[in-house]
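Colleague: The following block contains a protein sequence and its predicted model.
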Number of protein chains: 2
Amino acid sequence: MKDSHEPFVKACLLEAHRAFRKGEIPVGCVVVKEGRIIARAHNRTIALKDPTAHAEILAIRKALKKLGESFLYGCTLYVTLEPCAMCAYALVLARVDKVIFLAQDEKLGAVMSLYNLLDETAFNHRVRWEFLPVEEAGRLLRDFFKNLRHGKAGEG
Amino acid sequence: MKDSHEPFVKACLLEAHRAFRKGEIPVGCVVVKEGRIIARAHNRTIALKDPTAHAEILAIRKALKKLGESFLYGCTLYVTLEPCAMCAYALVLARVDKVIFLAQDEKLGAVMSLYNLLDETAFNHRVRWEFLPVEEAGRLLRDFFKNLRHGKAGEG
């Protein structure tokens, strides 16, 4: 991993662990602007009783509030899992500069798996993307679903 | 138009007019369960400084709160414009039963235009969809963008 990514990857994994401990699908996300983290979020679909409360959506909204802006030009979003179609297009709408994800979602991922939404030329904005594989991101998800099948929730 | 749709189409157009008067892109939406409107919303991306605050997303969230549920099983969502990719997949995540839209979005629509997301068989839930053309829905959008080009905001 390039050193420049390391603090953001760590922060993103920390958010995913927070979700895990709360019994939420463990996906974490941070938004970075000019080398600083301006927003952190994790998946909260259960706590908020809102199936659209994915880490990316919550992080985008927090980052917009923090900046007091209507768009996230110049921002990079790190997320532990490949975004779904909702989140991928939310990144386009929010004018995010780049998304970096740490695990692939082979079934439902909308960046390089089920769809390639961010390569779409019809959109008004292009979000650059990078798959930066980090074993822990995928492992956390596998552990979560394994525990779920065995009737356990959370870590440990 | 089938009579059964009429009150919901009217309510949906009323929401779109509300957006128009506020200078927001005029898209309106209602969520219907067992013949009753349980949530109404219009596009508020400017007011909320949130490019993800589309009518459908706001209506889904209101409907979930109103029902106190985590999903919208058995609900039909009426919206004046064909949903984008973000909203289309949000409908899947929210387990909406059916979406009915009144105008086509030829450039960015993700149901029957740019994409056919709701026909995807890989998803865990299938949202049925219907295009119910209502001239006023498209006209309101055309008027909005015409006014915008001519430096006017809102109706009249």
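Modeller: Perfect, I can see it now.
Colleague: Give me the phi and psi for A:Ile100.
Modeller: Main-chain torsions, A:Ile100, degrees, to the nearest 10: phi -120, psi 120.
Colleague: for A:Ala53, same thing?
Modeller: Backbone dihedrals for A:Ala53, given as degrees, to the nearest 10, come out at phi -80, psi 50.
Colleague: Show the pLDDT at it.
Modeller: Note for A:Ala53: predicted pLDDT of 98.
Colleague: now do A:Glu69
Modeller: 96.
Colleague: Pull the number of nearby residues for it.
Modeller: Per other CB atoms under 10 Å in any protein chain shown, the neighbour tally for A:Glu69 reads 15. Every C-beta, even on glycine, is put in place using the N, C-alpha and C of the backbone.
Colleague: Surely it and B:Lys49 touch.
Modeller: Yes. At 7.1 Å, A:Glu69 counts as touching B:Lys49 under the criterion of CB atoms under 8 Å.
Colleague: any chance you could map the helices in chain A?
Modeller: Counting by DSSP state H, one finds helices in chain A at the ranges A:6-21, A:55-67, A:85-93, A:135-149.
Colleague: now the ones you listed in JSON lines, with distance to B:Ile25 and mean neighbour count?
Modeller: Conversion of the helices of chain A to JSON lines gives the following (distance: least, CB to CB, whole Å; neighbours: other CB atoms under 10 Å in any protein chain shown):
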{"stretch": "helix A:6-21", "distance to B:Ile25": "32", "mean neighbour count": "19"}
{"stretch": "helix A:55-67", "distance to B:Ile25": "17", "mean neighbour count": "22"}
{"stretch": "helix A:85-93", "distance to B:Ile25": "12", "mean neighbour count": "27"}
{"stretch": "helix A:135-149", "distance to B:Ile25": "36", "mean neighbour count": "15"}
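Colleague: nearest to B:Leu117, of these?
Modeller: Put simply, out of those the one that sits nearest B:Leu117 is helix A:85-93, at 6.2 Å, with distance taken as CB to CB.
Colleague: The closest one vs chain B: in contact?
Modeller: Yes. Helix A:85-93 comes into contact with chain B when judged by CB under 8 Å from any CB of the partner chain, the residues involved being A:85-90, A:93.
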